[in-house]
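Visitor: Okay, structure incoming, though there's no sequence with it:
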């Protein structure tokens, strides 16, 4: 099993896949799935903060806060990637609609 390499958004591999028409949709689907996973982790951490605060468990409250903060940061990365991919798709569609002079 080949594990994915964690790399920055500006890597050469990401940009090649983003501009490749065949891989664009696959990349968009996987980015959306990862963003949604981290969104659910953020929401779960937020709910856990309130539950542990009401039950007066400070240690678990701090752990929930760190889970929520970390998942929010990672979710923002994937949300930025998804926004880039969608704007790239919109740009390609508007370029195709323009009549060539």
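Guide: Looks like it arrived, so ask away. All of these numbers come straight from a predicted model, not from anything done at the bench.

Visitor: Tell me which helix or strand the residue nearest in space to the middle of the chain sits in.
Guide: Here the mean C-alpha position of the chain is nearest to the C-alpha of residue 78 (Cα atoms, centre = their mean), at a distance of 2.0 Å. Using DSSP states H and E, residue 78 sits within helix 58-97.

Visitor: what's the spacing between that helix and its chain's center?
Guide: 4 Å (Cα atoms, centre = their mean, to the nearest Å).

Visitor: Then stretch 52-70?
Guide: Its chain's average C-alpha position is 23 Å from that of stretch 52-70, according to Cα atoms, centre = their mean.

Visitor: Residue 18 and residue 65, how far apart?
Guide: 34 Å (Cβ to Cβ, to the nearest Å). (Each C-beta comes from the backbone N, C-alpha and C, glycine too.)

Visitor: What residues sit buried inside the helix holding residue 78?
Guide: Under the neighbour-count criterion of 16 or more other Cβ atoms under 10 Å, helix 58-97 has 61, 64-65, 67-68, 71, 74-75, 78-79, 81-82, 84-85 buried.

Visitor: Save these as JSON lines, and put in distance to residue 11 too.
Guide: Shown next, in JSON lines, are these (distance: Cβ to Cβ, whole Å):
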{"residue": "61", "distance to residue 11": "37"}
{"residue": "64", "distance to residue 11": "32"}
{"residue": "65", "distance to residue 11": "31"}
{"residue": "67", "distance to residue 11": "27"}
{"residue": "68", "distance to residue 11": "28"}
{"residue": "71", "distance to residue 11": "22"}
{"residue": "74", "distance to residue 11": "16"}
{"residue": "75", "distance to residue 11": "19"}
{"residue": "78", "distance to residue 11": "15"}
{"residue": "79", "distance to residue 11": "18"}
{"residue": "81", "distance to residue 11": "11"}
{"residue": "82", "distance to residue 11": "16"}
{"residue": "84", "distance to residue 11": "13"}
{"residue": "85", "distance to residue 11": "14"}
